[in-house]
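Novice: quick one, what's the 3D model for this:
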Amino acid sequence: MSGKADQLSPALALARQRRKGWRVAIAVSIGFTFAVWIGAIIPFLGPLFAAQFLLSSSRPLGFGQTLGAAILIFVAGMFFMMLTTLFADSHITFLFLLGLIYFLCFFMQALGKGGAAIFLILIVAIIVPLIGVLNTELAGSILSILTTAVVTGTVLMWVAHLLVPEPAGEAPGALAAPVSSHRYWKASANTAILLSAVTVCMINDQLASAMVIPITVASMLGQLDIVASRGTAFGLIIVNVLGGVIASVAFAILDLRPNLAFMAVIVLVVALLLGGRAAAETREAKVFAGALTTFLILFGLGVSPIPGSAAESFSTRIIYVTGAIMYAFLLAALLWPRARPMEPAGAV
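Specialist: Now for the predicted structure:
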């Protein structure tokens, strides 16, 4: 009996992966197309939140969890907006406070806690200060942008589960988050890497590059735990760069037939390709989730009405992304402890 169960488990895991992958693809394509249709300033935020919610579990978040996540992101947005308003002119103090917050987020990740919420807070902690410093036209509306994105991501999550439900009684697999044995060291190194990227971007007057680079760095730092060999490291870099290349190709294809229906098909196909792999119950899945994040940001900036975002070519943005990937990888190799043994989550 147990042998039969062992034979069925890969098939069940594959079925769960397909369902989750379809949910991500449906939510991302619907959300992205809707955001562009209504003229959202940052059209990738809602789909990005939805993808993170969906990839974190095979079950929809409960009402309490959903409300908690929404309040958390909303409060984080308000906090960072206030922080930017009060301290943006005091550069040293501002960067010190941002660094402290980044450290807390990375420390939670090193403990294997927080899940998708920590990454979303990092996204907010990058976008809000950069917009507040570099684009005063959008600074006043960033809170409404974040609120809309959270609500949109939540609705998309529930719609995706409604269209592709999880069979009753089937326990979804969950991969325990790794716990670092060098938590303070690793969190400090990650903080220095991300804060340096944010600092450089704050003196750059191109909003598109300022968003892409630190978010890519934060995404990479969350993926590097899976690196166990040179081959794994090379694969991680290639998959992340692939997200940018796919965004460039997708934008070129969209130029041939620029309409919402065609764009929805493009995003659906790409989300299936990357989201389907990100839905797997393996450590490598987070790499494809990172590639999906890269695609959404780059493609979103390409079709966004953000002032100045269309000034840069996609080839330039891919250079930014590739540089950010290599920067995060090389500095992590230098600053992370030589031995990074991982413990299962919950270990004492």
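Novice: okay, stretch 43-55 in CSV with CA atoms only?
Specialist: Coordinates of each C-alpha in stretch 43-55 appear next as CSV, following Å, rounded to 0.1, in the frame of the first residue of the first chain:
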residue,chain,number,x,y,z
PRO,A,43,0.8,48.0,-13.4
PHE,A,44,3.0,45.2,-12.1
LEU,A,45,2.4,45.7,-8.4
GLY,A,46,-1.1,44.1,-8.1
PRO,A,47,-0.1,41.0,-10.2
LEU,A,48,3.2,40.8,-8.2
PHE,A,49,1.4,40.7,-4.9
ALA,A,50,-1.1,38.1,-6.3
ALA,A,51,1.7,35.9,-7.5
GLN,A,52,3.4,36.0,-4.1
PHE,A,53,0.2,35.2,-2.3
LEU,A,54,-0.5,32.3,-4.6
LEU,A,55,3.0,30.9,-4.6
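Novice: in that stretch, what's buried?
Specialist: Residues of stretch 43-55 classed as buried by neighbour count (16 or more other Cβ atoms under 10 Å): 43-55. Every residue, glycine included, has its C-beta placed from N, CA and C.
Novice: of those residues, closest to T93?
Specialist: The nearest member of these to T93, counting by Cβ to Cβ, is L45 at 27.7 Å.
Novice: ok, for the closest one, nearest residue in space, not its chain neighbours?
Specialist: Spatial nearest neighbour of L45, chain neighbours left out: A149 (3.6 Å); criterion: Cβ to Cβ, 6 or more residues apart in numbering.
Novice: looks to me like the one you found is in a helix.
Specialist: Yes: the assignment for A149 is a helix, going by DSSP: H, G, I helix; E, B strand; the rest coil.
Novice: all helices for this protein, in order.
Specialist: Applying DSSP state H to the chain gives helices spanning 2-37, 45-56, 63-87, 91-110, 116-134, 136-139, 142-163, 183-202, 207-223, 230-256, 260-278, 285-303, 314-335.
Novice: could I get these as a markdown table with mean pLDDT?
Specialist: Output for the helices of the chain, formatted as a markdown table (pLDDT from 0 to 100):
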| stretch | mean pLDDT |
| --- | --- |
| helix 2-37 | 79 |
| helix 45-56 | 87 |
| helix 63-87 | 82 |
| helix 91-110 | 90 |
| helix 116-134 | 84 |
| helix 136-139 | 66 |
| helix 142-163 | 86 |
| helix 183-202 | 90 |
| helix 207-223 | 80 |
| helix 230-256 | 81 |
| helix 260-278 | 91 |
| helix 285-303 | 86 |
| helix 314-335 | 84 |
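Novice: many thanks, I have nothing further to ask.
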